[in-house]
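Enquirer: Would you be able to build a 3D model of this:
(one chain, ligands or ions: 2)
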Amino acid sequence: MKKLQSKTLLDAIRSVSQNTFNVKTIVQNTKVNELQLNDTSKKITRKSLQAGKKLKKEASKIPGWYEYNKVFNINYDEPTSSEINSSNHFFNSADTKYEWSVGNFTDIPGEKLRKKYEARTTNSSNEAGLKKKYPGKTYVPFELVNGLPEVTFLGKSNVGKSTLLNNLTTDLKNSALNVFAKASKRAGFTKTLNSFNIGNRVRFIDTPGYGYRSSLEQGDLTTEYLLHRKELVRSFLLISGEQGIGELDKAIIDFMHQNGVPFEIVFTKMDKVDNLVKFRESIDESGLLNLPTLPRLIFTNAYTSKTCSKRYGVDLLRSIILQSCGLQSGLKSSRKKQK
Ligand SMILES: Nc1nc2c(ncn2[C@@H]2O[C@H](COP(=O)(O)OP(=O)(O)OP(=O)(O)O)[C@@H](O)[C@H]2O)c(=O)[nH]1
Ligand SMILES: [Mg+2]
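Expert: Ligands and ions are numbered 1, 2, ... in the order given. Reported below is the predicted structural model:
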């Protein structure tokens, strides 16, 4: 059954992968600090005597589309400002460590061992032998019980997966973006599954983009990961706001829905959406809002280079990621960034 679904997705990829899309150069020259997601209106009132003008100016810069994070998620409670602060603190202080890149599912650390172990335990007569091999209270190898929750970022080539991943793990005061997940103007840049350990609490898995310049093997690898990786707790499907929801995105949503893969949808590059009315209509017409799984729709734009824009929605996404891993308030990273 699962095999069948995986084939359906690959067929969809095959038929859509001919499509090409424009990759526009980003030319933006505003450099400003990220706004806190805290209740800005309250802040303006409280501080109006001293810094009213400045805050009003900042509040008026919040882009119109940011409101969609409320409008399209009425079935979900918004994270509280203390949850937002706590997740910001976690990601800003947690040390992000690149761990591995693989081109084959079985090369993911632990997967070969797991397969071996599972094959052995299906035959109960092997139990005595296993106890001998892995002595102690449990005979499950350490490598298999030491997993962290994993979240993965999916989407078409060039949608901004690597860039968003960098934004999530980087404090804006630290200008060294692009250090961890490599981002590129060239579509089809990421070719492997890449793992990043965030403060020893969660792993982020960057995936190769579907579609333009991606091979079927890359699609296969991601599909296998989605279906079989036990540590995977939530997938975030990225859709470019600029390009809107395409056939391939719908095929992936269908695939995840039918196979019970829990997912949320993240709209990226919202700063590049010219016509918000059209954009909103396209969401209404897409059927996303009628999905029985009711995924969250998260609207974001990333900080893309030293000279390029400010980011919105990143702190909201940070909080949702921790929530989906069962990690939230008061969470401390066990490995901190070096100052
Ligand atoms: N304006 C704007 N540009 C963005 C944003 N996010 C990413 N980009 C740009 O889009 C391009 C592609 O970004 P990547 O992060 O490499 O995209 P990807 O999805 O990882 O691409 P593949 O690895 O090829 O699948 C880069 O030039 C980024 O700078 C955004 O929010 N706004
Ligand atoms: Mg990438």
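Enquirer: Let me know the distance separating the residue nearest to residue 280 when sequence neighbours are not counted from ligand 2.
Expert: Once flanking residues are discounted, residue 280 sits nearest to residue 68: 7.4 Å by Cβ to Cβ, 6 or more residues apart in numbering. From N, CA and C alone the C-beta is placed, and that goes for glycine too. Counting by Cβ to the ion, to the nearest Å, the separation of residue 68 from ligand 2 is 25 Å.
Enquirer: Compute the number of surrounding residues for residue 68.
Expert: 21 (other Cβ atoms under 10 Å).
Enquirer: you'd agree it is in a helix?
Expert: Yes: judged by DSSP: H, G, I helix; E, B strand; the rest coil, residue 68 forms part of a helix.
Enquirer: That one reaches residue 298, doesn't it?
Expert: No: Residue 68 is beyond contact range of residue 298, at 9.1 Å (criterion: Cβ atoms under 8 Å).
Enquirer: Can you check which residues contact both of the two?
Expert: With contacts taken as Cβ atoms under 8 Å, 6 or more residues apart in numbering, residue 68 and residue 298 have residue 267 as neighbours in common.
Enquirer: which non-adjacent residue is nearest the residue of the chain found nearest ligand 1?
Expert: Closest approach between the chain and ligand 1, counting by Cβ to the nearest ligand atom: residue 209, at 2.5 Å. In this structure, residue 209 finds its nearest non-sequential neighbour in residue 157, 3.2 Å apart by Cβ to Cβ, 6+ apart.
Enquirer: neighbours of the residue of the chain closest to ligand 1, just the number please.
Expert: Residue 209: 28 neighbours (other Cβ under 10 Å).
Enquirer: picking that back up, next one: phi and psi at the residue nearest to residue 209?
Expert: Phi and psi for residue 157, reported as degrees, to the nearest 10, are phi -60, psi 140.
Enquirer: And the helices in the stretch 151-300 of the chain, which stretches?
Expert: Counting by DSSP state H, counting those that start in this stretch, the segments of the stretch 151-300 of the chain that form helices are 161-169, 216-228, 247-258, 276-286.
Enquirer: Sort out which residues of stretch 166-174 are buried, please.
Expert: Under the neighbour-count criterion of 16 or more other Cβ atoms under 10 Å, stretch 166-174 has 166, 167, 168, 169, 170 buried.
Enquirer: Of those, which is the nearest to ligand 2?
Expert: For the buried residues of stretch 166-174, the minimum distance to ligand 2 (Cβ to the ion) is 9.9 Å, reached by residue 166.
Enquirer: re earlier: ok, the residue nearest to residue 209 touching residue 191?
Expert: No: look at residue 157 against residue 191 with Cβ under 8 Å: they stay out of range, at 10.6 Å.
Enquirer: so what sits against both of these two?
Expert: residue 208.
Enquirer: of these two, who's got more company?
Expert: Between residue 157 and residue 191, counted using other Cβ under 10 Å, residue 157 has the larger neighbour count: 22 against 16.
Enquirer: And that one, how far from ligand 2?
Expert: Separation of residue 157 from ligand 2 (Cβ to the ion): 8 Å.
Enquirer: what does residue 245 give?
Expert: To ligand 2, residue 245 is 20 Å away according to Cβ to the ion.
Enquirer: just checking, that residue touches residue 239?
Expert: Yes: shown here, residue 245 and residue 239 form a contact pair, counting by Cβ under 8 Å, at 5.7 Å.
Enquirer: Done for today, thanks.
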